[in-house]
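Visitor: This is the structure alone, sequence omitted:
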């Protein structure tokens, strides 16, 4: 092995001698970096001093890169990247061949390690692209694996660069004279290698978690890792708990299983990540609450009572949250505080949220008349909600009622309530009246006049306030300006019939008079103008109008006729001797009255004188 290494070094020295180029890169370091895309380790150089822009400055010269793996492992070069063969004009496409030039397994000076020396092929010449301080140049990639072909499970922790002056030199036990020191030159024969940078190992899995606030111990583990490092395995420990599942779900949470839970996540390369999580039962914010309009709401937190209430910043304006004491806090809502307000009750590890749904104050209304006619009803209709309870027990939106005070409690869909009150008063009573006579003379009429309103309907169909009627029963419906009505009835009766009479002779002697007397009333008007009850008249036709105390009248007619003319005669001697007698005989009548009072048709007289007969 030593002779092989010596041969390589001689070839490199000869190459340097031939070119005799002064390098411009004067300092660089090795960097071993895990590539999460290819799942390989990239061997890089990092320029620390100098610049290379010309072809000689960019040309690769001697190099030796030694990697050490555990004695149980092997290593191989998988990909090559830089420099590029014949890249003088930046047109090279084939990477320089990096190859394992020397190996040494388990020397007695370091029996747990295997050494791999890697060198470049220097023909044809290869160049880098322009480079300067700070550039990282990827040379090639390697893979470490178990000798049995299985994956290395130490997260790459035992793959490393040889450390000059630390790892065994050529004279150390078992090194067989081989010099595995690192060296690197670009653009000349001067040594550019300055040491090794810290290896960038495979990244650990990124762990996060979601602690689900519930009645359980509920932990959702969120782990991120590169594809080449999958699958992941899990190891949980906690209060009386062990699991290899990804998440933790213990039902129910209690004081016995609340506490710290620890998880170790291991990837396919053996990289591990750990995370500690405190878990407990979710605190209880209580049920959601409703509020109608303005007022206060008490928030009641529990399990534990040492939590703190906070309001979400996205809440609408109008709510003021007071301080928390014993798990309780008061929220004051002012006018206009409509909407859903969210409040969070938080313990040390978890929180619970409840809502306060604030609805606008319900505006209950009652529509309908304020006044009704005495004894009448009207319909009142409630509005502003979906449910109704009237003070009279009715559960519909509308009720038919008379005068009085009525209230309704209105409920909306959110359960908010409002109350409205309406008082209905009686309008002034309509007092229908009928003025006019109660009695009329037989066959006469009278005028009745209704009053008490503005409209009138008589039972005979008349629509005026006054009607002229005879005896009978009449009603009138009177309506006032408000539409209220009243009905009055009036009965008119016939007064007793006036029976006019005339008493007296129906015949009188020719040229004679007689007295006739009217009866049946209190006032009399004769056709001859006489105003007394009795008149003396001769033959003729006479009428009298008799008026009684009520003013009713009747007329009676009486005709007086002359009796046949009486032709009185006296038969007898008109001369009588003194002391003698004569006889007179009256004739022409049926009754006789001698002036001497004798009532016989014939008398004897002895005294001279005049004698008449009637």
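Guide: Yep, it's here. The structure displayed is predicted, hence computed values, not measured ones.

Visitor: Leaving out sequence neighbours, find the closest residue to residue 404.
Guide: In space, and not counting its chain neighbours, residue 404 is closest to residue 424: 6.1 Å by C-beta to C-beta, 6 or more residues apart in numbering. Using the backbone N, CA and C atoms, a C-beta is placed for each residue, glycine as well.

Visitor: Next up, the contacts around the one you found.
Guide: Residues in contact with residue 424 (C-beta atoms under 8 Å, 6 or more residues apart in numbering) are 368-372, 378, 380, 401-406.

Visitor: Mind checking what secondary structure it has?
Guide: strand (DSSP: H, G, I helix; E, B strand; the rest coil).

Visitor: cool, and residue 228?
Guide: At residue 228 the chain is in helix, as set by three-state DSSP.

Visitor: Leaving out the residues flanking it, which one is nearest to residue 130?
Guide: Per C-beta to C-beta, 6+ apart, closest to residue 130 is residue 53, 4.8 Å.

Visitor: gap between the one you found and residue 122?
Guide: Plainly put, residue 53 is 21 Å away from residue 122 if you go by C-beta to C-beta, to the nearest Å.

Visitor: Out of those two, name the residue with the larger neighbour count.
Guide: Neighbours per residue (other C-beta atoms under 10 Å) separate residue 53 from residue 122, with residue 122 holding more: 20 against 11.

Visitor: For the more buried one, grab phi and psi.
Guide: Main-chain torsions, residue 122, degrees, to the nearest 10: phi -90, psi 0.

Visitor: The closest residue in space to residue 526 that isn't next to it in sequence: neighbouring residues, count only.
Guide: Nearest residue to residue 526 in three dimensions, chain neighbours excluded: residue 544, at 4.9 Å (C-beta to C-beta, 6+ apart). Residues lying near residue 544 (other C-beta under 10 Å) number 29.

Visitor: Also residue 31?
Guide: Residue 31 has 20 neighbouring residues, counting by other C-beta under 10 Å.

Visitor: how does the chain divide up, domain by domain?
Guide: As assigned by automatic domain parsing, the chain contains the domains 2-196, 206-279, 289-359, 366-426, 433-494, 501-562, 569-605.

Visitor: Can you give me the separation between the closest residue to residue 94 other than its chain neighbours and residue 124?
Guide: Computed as C-beta to C-beta, 6+ apart, the closest residue to residue 94 that is not its neighbour in sequence is residue 85, at 4.6 Å. Distance of residue 85 to residue 124, given as C-beta to C-beta: 5 Å.

Visitor: One more: residue 146?
Guide: 37 Å.

Visitor: Same question for residue 353.
Guide: Counting by C-beta to C-beta - residue 353 and residue 124 are separated by 72 Å.

Visitor: more crowded one of the two?
Guide: residue 353 (14 against 11).

Visitor: burial measure for the residue nearest to that one when sequence neighbours are not counted, as a count.
Guide: Leaving aside its sequence neighbours, residue 353 sits nearest to residue 344 (C-beta to C-beta, 6+ apart; 5.1 Å). By other C-beta under 10 Å, the residues close to residue 344 number 17.

Visitor: Tell me what residue 344 is bridged to.
Guide: With DSSP bridges as the criterion, residue 344 is bridged to residue 310, residue 353.

Visitor: Output the contacting helices and strands for whatever helix or strand residue 399 lives in.
Guide: Taking DSSP states H and E as the definition, one finds residue 399 inside strand 398-401. Here strand 398-401 touches strand 378-383, going by 3 or more C-beta pairs under 8 Å, 6 or more residues apart in numbering; DSSP states H and E.

Visitor: Just the residues contacting the strand it packs on, thanks.
Guide: 364-369, 372, 388, 390, 397-402, 406, 408, 410, 420, 422, 424.

Visitor: 7 Å instead?
Guide: Counting by C-beta atoms under 7 Å, 6 or more residues apart in numbering, strand 378-383 makes contact with 364-369, 372, 388, 397-401, 406, 408, 410, 420, 422, 424, all of which sit outside it.

Visitor: For the very next helix or strand once past it, name the packing helices and strands.
Guide: Next along the chain after strand 378-383, taking DSSP H and E as the criterion, comes strand 387-390. Judged by 3 or more C-beta pairs under 7 Å, 6 or more residues apart in numbering; DSSP states H and E, strand 387-390 is in contact with strand 404-411.

Visitor: Would you agree residue 183 is in contact with residue 190?
Guide: No. Using C-beta atoms under 7 Å, residue 183 is not in contact with residue 190, being 10.8 Å away.

Visitor: buried ones in the host helix or strand of residue 194?
Guide: In the assignment (DSSP H and E), residue 194 maps to strand 193-196. Using 16 or more other C-beta atoms under 10 Å as the test for burial, strand 193-196 gives 193, 194, 196.

Visitor: and these as a markdown table, adding pLDDT and distance to residue 493?
Guide: Listed next are the buried residues of strand 193-196 as a markdown table, based on pLDDT from 0 to 100; distance: C-beta to C-beta, whole Å:
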| residue | pLDDT | distance to residue 493 |
| --- | --- | --- |
| 193 | 96 | 151 |
| 194 | 95 | 148 |
| 196 | 97 | 144 |
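
Visitor: can you put the residues you listed in JSON lines and add distance to residue 553?
Guide: JSON lines is the format used below for the buried residues of strand 193-196 (distance: C-beta to C-beta, whole Å):
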{"residue": "193", "distance to residue 553": "163"}
{"residue": "194", "distance to residue 553": "161"}
{"residue": "196", "distance to residue 553": "157"}
